[in-house]
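Novice: need a 3D model of the sequence below.
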Amino acid sequence: MSIQPAWQRTFDFFELPVVIEPSRATLSSDAGLLPLRQFDEQTGLTQAFADALDDPRDPDLTEHSFLEMVRSRIYGILADYEDPNDHDTLRTDPVFQLIADRSPDGPDLASQPTRSRFENAISIKSLQRLRDVFIDPFIASFETPPRWLTLDLDAIDDPAHGHQQLTFWHGSYDQNQYLPLAITCADHGQFVMLALRPGNVHAALGADDDLEYLVTRWRQVWPDVVLNVRGDAGFGVPWMYDVCERLRLLYTFGLSSNAVLQRHSDELLARAVAGWEQEQQAARCEGRPAVPQRLLVGFWYQAGSWPQPRWVIAKAEANAQGTNRRFVVTNRPGAQLVFAAAYDAYAERGESENRNKEFKCDLAMDRRERSPLRGQFLPAVPARGGHEPAGALPPPSGSAGVADTADGGWDRGRAAAALSAAAATGPVGQGAAVDLAVVVHQGGGRSSGQQPSCRDPPVVVLAAPGAVPGSL
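Specialist: All right, here's what the predicted structure looks like:
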């Protein structure tokens, strides 16, 4: 935010004088958040988020509401202000004040110490209630009950570079970290549940409880939905099989190799290697690239800790890089007949890992301050909200700022542009106006409201903070 001194500079390279002057109005570079705030007003995400939190403070002595601080934190993350210290500056930014339902002329927003106390005061029960803030909109986003949903389970490494509570060394990742658990709906590319966990826990720790809670909520409204669960070998453990079978879920999990599984698939691997050698010879004769050879087989297998045998599919592949042997355990119908289709359906879970990458890299999931674990969890959940909430249905036709495509779909880019234009050119709030962009005016009628003359010099209003004549 910047308030510019009054000065003018005139250039004569054009046929008419070009006059440049800074605006005396309060400026902000974060106008792009206003369309998201309008979208949030329609979906009610941040309001529901704040309502889920217990506020132990005395209302008569409270200056900054939880809703104000929730919105500032969420929109700060969306605008790449993931560091809480940024809010010592943003608390006076007019756009962030508008987002928090305050006039740009009003008092400043909460300071960084106040926000830190807010995040560290969140109770475990509040965090548990936050699960429903994302489950409820997901359910509401379906006009008719879905027949089939696929859930992908993933443990995401979250490196830590300080002394945050319960960050531990993880030998497999070779780093000090947290290990969050993410559950994604693969059919819609949405996070539906997230849990922040200590850095040295098993990949499947708590996954059975979270999965049971999610399935129970869904089945209360969709009793006939078929649910398919996928996870890598970190989730191929007895307690995950047990919860899936008890809840009547279809599942496919990776299975770690062992001597018994290798003996069952040695012949398969030998055939794949022989096929690759033949393919190489044929490719050389025909002058084309060699095609990797992949073979699959299925068999019943019972580990020592399993109460009954389960169906396992083994894949053996030979290519220019060598050999690759993988195993999955599944109860999906048809897996005993169509091995390749069942395995390929499992391999499609790789697309959900792109959601994890977006969450981690684009929404600053891995930014953690030094505070108690429950305070660390809170910033991670708003970041999920920025990743297109599951209940983000197109607003009803005729809503302000909504742009419809020709085929009846909703164009987010056009809607955002329309809202940005409205925010940049019109009054905001009760008599409060904010200059949000570089605006070129033809002539001097800008202040008086008169129509400019075609011979009046263009006026460029600069919105760059800190601009002075000597810097041009």
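Novice: so which other helices or strands are in contact with the helix or strand containing residue 89?
Specialist: Residue 89 belongs to helix 87-90 when elements are defined using DSSP states H and E. Packing partners of helix 87-90 (3 or more C-beta pairs under 8 Å, 6 or more residues apart in numbering; DSSP states H and E): helix 66-78, helix 112-120. All C-beta atoms are positioned from the backbone trio N, CA, C, and that covers glycine.
Novice: let me see the mean pLDDT of the first one.
Specialist: Put plainly, it is helix 66-78. Mean per-residue pLDDT for helix 66-78: 90.
Novice: quick one: it to helix 112-120, angle?
Specialist: 100 degrees (axes from the mean of the first three to the mean of the last three C-alpha atoms, to 10 degrees).
Novice: show me what helix 66-78 is in contact with.
Specialist: Here helix 66-78 makes contact (C-beta atoms under 8 Å, 6 or more residues apart in numbering) with 33, 36-37, 40, 46-47, 49-50, 53, 55, 82, 84, 86-87, 90-91, 96, 99-102, 109-110, 114-115, 118-119, 363-364, 378-379, 382-383, 385-386.
Novice: circling back: out of the helices and strands packed on helix 87-90, deepest packed?
Specialist: Greatest average neighbour count among these goes to helix 66-78 (a mean of 23), per mean count of other C-beta atoms under 10 Å.
Novice: tell me the gap between it and the middle of its chain.
Specialist: Put simply, helix 66-78 sits 15 Å off its chain's centre (C-alpha atoms, centre = their mean, to the nearest Å).
Novice: quick check: end-to-end length of stretch 43-54?
Specialist: 22 Å (C-alpha to C-alpha, to the nearest Å).
Novice: from the chain's centroid, how far away is that stretch?
Specialist: Counting by C-alpha atoms, centre = their mean, stretch 43-54 comes out at 17 Å from the chain centroid.
Novice: using PDB, list the CA coordinates for stretch 336-356.
Specialist: The C-alpha coordinates for stretch 336-356 follow below in PDB (Å, rounded to 0.1, in the frame of the first residue of the first chain):
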ATOM      1  CA  GLN A 336      -9.100 -62.100 -11.300                       C
ATOM      2  CA  LEU A 337      -9.900 -62.100 -15.000                       C
ATOM      3  CA  VAL A 338      -8.500 -58.800 -16.500                       C
ATOM      4  CA  PHE A 339      -5.100 -58.300 -14.900                       C
ATOM      5  CA  ALA A 340      -3.900 -55.500 -17.100                       C
ATOM      6  CA  ALA A 341      -7.100 -53.400 -16.700                       C
ATOM      7  CA  ALA A 342      -7.000 -53.700 -12.900                       C
ATOM      8  CA  TYR A 343      -3.400 -52.800 -12.700                       C
ATOM      9  CA  ASP A 344      -3.800 -49.800 -15.100                       C
ATOM     10  CA  ALA A 345      -6.700 -48.500 -13.000                       C
ATOM     11  CA  TYR A 346      -4.400 -48.500 -10.000                       C
ATOM     12  CA  ALA A 347      -1.600 -46.800 -11.900                       C
ATOM     13  CA  GLU A 348      -4.000 -43.900 -12.700                       C
ATOM     14  CA  ARG A 349      -3.600 -42.700  -9.100                       C
ATOM     15  CA  GLY A 350      -0.500 -40.900 -10.300                       C
ATOM     16  CA  GLU A 351      -2.700 -38.100 -11.500                       C
ATOM     17  CA  SER A 352      -3.800 -37.400  -7.900                       C
ATOM     18  CA  GLU A 353      -0.100 -36.800  -7.000                       C
ATOM     19  CA  ASN A 354      -0.300 -33.800  -9.300                       C
ATOM     20  CA  ARG A 355      -2.900 -32.300  -6.900                       C
ATOM     21  CA  ASN A 356      -0.400 -32.900  -4.100                       C
END
